[in-house]
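> fold the following, please.
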Amino acid sequence: MRYLQKTRETEKIRLDVKDKKILSLLAVNSRLPLTQLSKTVALSRDAVNYRIKNYEKKGVIQGYRTMVDISKLGYKANHLFIKLNNPPLEIEQKIVNKLIKYPFVRAVIKFCGNYDFEIAFVTKDTADLDKVLTKITGDCSGYLQDYELVTIAKTFVTETFPLSFSELKLEQKVTKKINNKINNKTDEKDYEILKVISEDALLPLHEISGKVKLSADAVAYRIKNMVNSSMILKFIPIINYTSLGYNLHTLLLNINGLDEEKERKLKTFLSNDKNTLWAVKTIGRLNILIYLLVKNIADLQETVLSLKSLFPCQINHYEPLIAYEEYKYIYFPKELF
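All right, here's what the predicted structure looks like:
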């Protein structure tokens, strides 16, 4: 499964307004019933189902995942950007094969730019971070030229589609009602449920029930509780962005003196920027990490220039990277539980 595919291998898909509306609604909650989807987009249930099956058949949708807040499970999210010293292709592939097998690694993405790979991984504490970092850099021994490590501190934006994809901004936002009676304690059965639905967010309740040995009502209650407590953030479709004509760019920034006022200003800008897919504040030499989905360089430059205008003489460094291929991307490292 990939979010990114090489252009020459991917058929470009044309979408109409109804297609974009359906995909935008699935991006909010992929478990929405067909009856609710059909009512919202003013199409019959069969017509909506046909379109979704067509997205899946053509590879626009490559599966459905459950997005989990791993910080609520006691883990920190880290991103390591590495630059290799031009190893032979077979050596590079061996390094990648090692990385994607580690249970603590959530993503491995290849770039064109000053760094060759981004490796997203989780750790429990500083000692664990040191251990994992030593392991990863050791795998690159002899070919590691440089690296940049950042740890996620807070999230500003997390979307499945940028605003440029659809005018349905309000429908992409998820609002949760906080229930004071929520049980925030997670037990083994919750972990079992997360393992089951992490790679198939559309699995019916009766199938989940059979796998975790609980009644369907008990499973539904636990899933609802994890959603309300924000343990589960979203049920989302896995989109092959290349098939829609998008390219993924990563932007690493250092904004000088990033205080609370500047953070608010930055978050407001990124939440309304048409190209921003995901953006976080990080701990490290570079303190902002942004994923942008763009169709051309002009779109990328528009966001970069807007950021420079928003923070004049305050961006000490920025590093744009073009995502080329994705080898692994998961939201819940189930092997750790």
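
> need the phi and psi values for Tyr331.
Main-chain torsions, Tyr331, degrees, to the nearest 10: phi -100, psi -30.

> need the helices for the stretch 101-250 of the chain, in chain order.
Assigned by DSSP state H, counting those that start in this stretch, the helices in the stretch 101-250 of the chain fall at 126-139, 169-172, 188-197, 205-212, 216-228.

> reformat those helices as CSV; add mean pLDDT.
Below are the helices of the stretch 101-250 of the chain laid out as CSV (pLDDT from 0 to 100):
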stretch, mean pLDDT
helix 126-139, 96
helix 169-172, 44
helix 188-197, 96
helix 205-212, 97
helix 216-228, 97
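
> ok, which of those helices comes nearest Lys265?
Lys265 sits nearest to helix 169-172 of all those, at 19.2 Å, using Cβ to Cβ. (Glycine included, C-beta is placed from N, CA and C.)

> by mean pLDDT, which helix or strand of this protein comes out lowest?
Sorted by mean pLDDT, DSSP states H and E, the helices and strands of the chain end with helix 169-172, the least confident at a mean of 44.

> quick one: the helices of the stretch 101-250 of the chain as TSV, columns for mean neighbour count and distance to Gln301 too.
Listed next are these as TSV, based on neighbours: other Cβ atoms under 10 Å; distance: least, Cβ to Cβ, whole Å:
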stretch	mean neighbour count	distance to Gln301
helix 126-139	14	33
helix 169-172	13	23
helix 188-197	19	40
helix 205-212	16	46
helix 216-228	17	38
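
> would you reformat the ones you listed as TSV and include distance to Glu319?
Shown next, in TSV, are the helices of the stretch 101-250 of the chain (distance: least, Cβ to Cβ, whole Å):
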stretch	distance to Glu319
helix 126-139	19
helix 169-172	28
helix 188-197	34
helix 205-212	42
helix 216-228	36
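
> residue contacts, the nearest residue to Ile223 once chain neighbours are set aside?
Once flanking residues are discounted, Ile223 sits nearest to Ile193: 6.5 Å by Cβ to Cβ, 6 or more residues apart in numbering. Neighbouring residues of Ile193 by Cβ atoms under 8 Å, 6 or more residues apart in numbering: Ile208, Val212, Val219, Arg222, Ile223, Met226.

> mind redoing it with 10 Å?
Counting by Cβ atoms under 10 Å, 6 or more residues apart in numbering, Ile193 touches 66, 186, 203, 208-209, 211-212, 214, 218-219, 222-223, 226, 232.

> one more: Asp190?
Shown in contact with Asp190 (Cβ under 10 Å, 6+ apart): Leu73, Asn183, Val212, Arg222, Ile223, Asn225, Met226, Met231, Ile232, Phe337.
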